[in-house]
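Student: just a sequence and a predicted model for now, questions to come.
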Amino acid sequence: MSVFEKRGATRFAPLNAIGFFAAGIESALLVWLTMDKHGGADRAIHQHSSGWLIRIGEILNGALASHAAVFGLVPFAAISFLLGALVSRIGWIAVGKVSGSDPESVFAAERY
């Protein structure tokens, strides 16, 4: 019996591994979005409120979901992951709309 089974996580080790891998990728994406700046190309992510939707979604998907799973709160981790995915998708759509209406960001994106 693994540590995760004792704390109430799923009994299937491959599913645990996939879940923690996905949470790690989401956490890395949050760090990358925060650190890597390309000027006008990603201005919508860093200067507009729609970028906060993406960050909130990444926190719900990554850090919060993985911590909830480690502490045995598997239903909460699942809800956090699904809610984070929804918020993140809505954020990306909003950022795309803001970015598409900004001519400088469209031309800057073509350079990358």
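Tutor: Here it is on my side, so go on. What you see is a predicted model; the values in this text were computed from it and never measured.
Student: going forward, measure contacts between C-alpha atoms and count neighbours the same way
Tutor: OK.
Student: next, the contact list for Ala23, please.
Tutor: Going by Cα atoms under 8 Å, 6 or more residues apart in numbering, Ala23 touches 61-63, 65-66.
Student: can I get those in TSV with secondary structure?
Tutor: Output for the contacts of Ala23, formatted as TSV (DSSP: H, G, I helix; E, B strand; the rest coil):
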residue	secondary structure
Asn61	helix
Gly62	helix
Ala63	helix
Ala65	helix
Ser66	helix
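Student: mind picking the two most distant members of the residues you listed?
Tutor: Using Cα to Cα, the two most remote members of the contacts of Ala23 are Asn61 and Ser66, lying 8.0 Å apart.
Student: quick one, which of those two is more surrounded?
Tutor: Taking other Cα atoms under 10 Å, Asn61 and Ser66 do not tie; Asn61 has more neighbours (31 against 27).
Student: how close does the more buried one sit to Ser99?
Tutor: 24 Å (Cα to Cα, to the nearest Å).
Student: how far does the lengthiest helix in the chain sit from its chain's centre?
Tutor: Secondary structure of the chain per DSSP state H: the longest helix is helix 74-100. Mean-position distance between helix 74-100 and its chain equals 7 Å (Cα atoms, centre = their mean, to the nearest Å).
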